[in-house]
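Undergrad: When you get a sec, could you give me coordinates for this:
(chains A and B)
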Amino acid sequence: DAKTTQPTSMDCAEGRAANLPCNHSTISGNEYVYWYRQIHSQGPQYIIHGLKNNETNEMASLIITEDRKSSTLILPHATLRDTAVYYCIVSIYNQGGKLIFGQGTELSVKP
Amino acid sequence: GAVVSQHPSRVICKSGTSVKIECRSLDFQATTMFWYRQFPKQSLMLMATSNEGSKATYEQGVEKDKFLINHASLTLSTLTVTSAHPEDSSFYICSARAPNLGYGYTFGSGTRLTVV
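TA: Sure, this is the predicted structure:
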């Protein structure tokens, strides 16, 4: 599975958009980009995933560059409850695909 | 939908005893489940892939005789930590692929194991 690189930590003002970058320069054609977040002492929460098209759901938007070597997770209006560690993961989309977690980005949303 | 339930949420056991952790998919069938371990201030580490009706696949460095995995049905996988020691104290989390997430992965709420 391809590796990802994320900033260790980021701050964001409450109510503003949080843009979390992720580099995955060695991603292969059949690997999806997944985003999860983990609030302290809880299981990771699914946010969004995509292959090459931009995706949007009720939680966030995922922007994947045309060459697929990087992506950005956008939380449009961050709240204090969005404070968490955000993980960007790439994985093969099949039954054998597994999620290998990196260190993630610790996002702090401040009042 | 796509809920994975883990039980117990917390457990304290004595050194040398065994502890079983259950992972259930409540509203979908999961032929494959995954087990992770997380130490304080660290990321999740994949321990093994649990396959219904067959042997689990363990990641390199994970002792299969110590961490016994059984996936006897399409909705239940269990992790048994055998002869637990204090260094096995950790946060254990299971995961399964969920059909309503476009086959994204959904996670249980985790089990905090403390070995005394």
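Undergrad: Tell me the residues of chain A that contact chain B?
TA: A:34, A:36, A:38, A:41-46, A:49, A:87, A:93, A:95-96, A:98-104 (CB under 8 Å from any CB of the partner chain). (Glycine included, C-beta is placed from N, CA and C.)
Undergrad: make it 7 Å
TA: Counting by CB under 7 Å from any CB of the partner chain, the positions of chain A adjacent to chain B are A:34, A:42-44, A:46, A:49, A:95, A:98-104.
Undergrad: quick one: buried residues of the one helix or strand residue A:32 maps to?
TA: Taking DSSP states H and E as the definition, residue A:32 sits inside strand A:31-38. Residues of strand A:31-38 classed as buried under the neighbour-count rule (16 or more other CB atoms under 10 Å in any protein chain shown) are A:31-38.
Undergrad: quick one, what contacts the closest residue to chain A within chain B?
TA: Chain B approaches chain A most closely through residue B:107 (3.8 Å), counting by CB to the nearest CB. Counting by CB atoms under 7 Å, 6 or more residues apart in numbering or on different chains, residue B:107 makes contact with A:43-44, B:4, B:93, B:95.
Undergrad: Give me the pLDDT for it.
TA: In this prediction, residue B:107 carries a pLDDT score of 93.
Undergrad: Relative to residue B:42, how far out is it?
TA: Residue B:107 sits 16 Å away from residue B:42, going by CB to CB, to the nearest Å.
Undergrad: In CSV, list the C-alpha atoms belonging to stretch B:64-80.
TA: In CSV, the C-alpha atoms belonging to stretch B:64-80 read as follows (Å, rounded to 0.1, in the frame of the first residue of the first chain):
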residue,chain,number,x,y,z
LYS,B,64,-0.5,-15.5,16.3
ASP,B,65,-0.4,-17.9,19.3
LYS,B,66,-0.8,-15.0,21.7
PHE,B,67,-3.5,-13.1,19.8
LEU,B,68,-6.0,-15.8,18.8
ILE,B,69,-8.5,-14.7,16.2
ASN,B,70,-11.7,-16.5,15.4
HIS,B,71,-14.2,-15.5,12.7
ALA,B,72,-16.8,-18.2,12.9
SER,B,73,-19.7,-16.3,11.4
LEU,B,74,-20.4,-13.4,9.0
THR,B,75,-21.2,-11.1,11.9
LEU,B,76,-18.7,-12.0,14.6
SER,B,77,-15.0,-12.0,15.0
THR,B,78,-13.2,-12.5,18.4
LEU,B,79,-9.7,-11.6,19.5
THR,B,80,-8.4,-13.5,22.5
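Undergrad: All good on my end, thank you.
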